[in-house]
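A.B. asks: fold the following for me, if possible:
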Amino acid sequence: MIQKPISDTGLHVTPLCFGASGLGNMPDTYGYEVDDARARQTLQAIFEGPVNFLDTANNYGFGRSEQRIGDALRERGGLPDGFVLSTKIDRDMKTGRLDASRVRQSLEESLKRLGIDTIPMLHLHDPEHARDLKEITVEGGALDELFRIKEEGIAQSVGIAMGNIDIMFPILRERPFDALISHNRYTVLNRSANDMFDHAASRNIAILNAAPFAGGVLAKGSDAMPRITYQIADDSKLAPVRAIESICKNNGIAPGALALQFSMKNQKITSTIVGITKPERIEQTLAWASADIPQNVWDDIEAIGFDVRDPEADRDYKPG
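C.D. replies: Model prediction:
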């Protein structure tokens, strides 16, 4: 795969990144369990494949995702050459604290689980769920500490990863981030991240677009997984999904291929993050990425329209 740069950090990543949240076993979010054996098989397949980019976070599965990745790395003797691992600083999950000291604590927890001394990519994660945004943005707060970690060489690149664009965009404007992660805000169903992506591209901030399948429904199908952005969806909310499925069926295309390529064909996007929880999904994702989709299909999809509202405005957030 052709690799793209992460700002001017020296890091280069494939246009696909595998997301490891589900590998931490998060049934409250995804609706299913992932045991140790399945996670181990999936991780080994990722490290042996052509994708050089894996994203996790301190709080995915309350640490299980990082621990499982660390176990897989220890089995392999460390990160493969040229492989970019990304993790995230998370708030204290009991108190919501996300100040400078919590940044250091979260980092230390992550490095210990992963079994490494430095991290290629480190993001501040979900500040909208922290107890006090001022702890994050104030002088000497969490963001200052994040950039200090980069200055110390513990992280090669730093970014911000969150959902709420009304909070994210102002923070992005104020800081020299190397990358951003946005999820569910740029999909075939929703384009609320458009303006923010334009701004990031103008500043050479790498755009990492996560959850192109709107939480899984566009990959697994509306019948098998009637959930949009992690919430049970009724028939009215599933209507645009089913319209997309109908167009794809009439043209012999997997909806997952269309949803994935919608993100990958945007030249502003550096890499698209796809959650993976079993080995066979890797081969399927690679096939979807290279599937032939004629222009008339894209034209039909555009005619359906899209939403620009926050897709998680009514989400009942659960971290597990």
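
A.B. asks: when you work out contacts or count neighbours from here on, use the C-alpha atoms and nothing else.
C.D. replies: Will do.

A.B. asks: confirm that D166 sits in a helix.
C.D. replies: Yes: assigned with DSSP: H, G, I helix; E, B strand; the rest coil, D166 falls within a helix.

A.B. asks: what's the distance between it and A179?
C.D. replies: 18 Å (C-alpha to C-alpha, to the nearest Å).

A.B. asks: and these two? Which one has more around it.
C.D. replies: The residue with more neighbours, out of D166 and A179, is A179; 23 against 11, by other C-alpha atoms under 10 Å.

A.B. asks: quick check, that one in contact with L208.
C.D. replies: Yes: the pair formed by A179 and L208 meets the contact definition of C-alpha atoms under 8 Å, at 7.1 Å.

A.B. asks: residues in contact with G140?
C.D. replies: Neighbouring residues of G140 by C-alpha atoms under 8 Å, 6 or more residues apart in numbering: A100.

A.B. asks: need the pLDDT of it.
C.D. replies: pLDDT for G140: 98.

A.B. asks: which residue, other than its chain neighbours, is closest to D300?
C.D. replies: Once flanking residues are discounted, D300 sits nearest to I247: 7.3 Å by C-alpha to C-alpha, 6 or more residues apart in numbering.

A.B. asks: part of a helix, is the one you found?
C.D. replies: Yes: assessed by three-state DSSP, I247 belongs to a helix.

A.B. asks: can you give me the helices for the stretch 1-150 of the chain?
C.D. replies: 27-30, 36-47, 64-76, 100-114, 133-137, 142-151 (DSSP state H, counting those that start in this stretch).

A.B. asks: mind listing what's buried in the last one?
C.D. replies: By neighbour count with 16 or more other C-alpha atoms under 10 Å, helix 142-151 contains the buried residues A142, L143, D144, E145, L146, F147, I149, K150.

A.B. asks: sec struct for the closest residue to A291 other than its chain neighbours, please.
C.D. replies: Distances taken as C-alpha to C-alpha, 6+ apart place A257 nearest to A291, at 6.6 Å, with adjacent residues excluded. At A257 the chain is in helix, as set by three-state DSSP.
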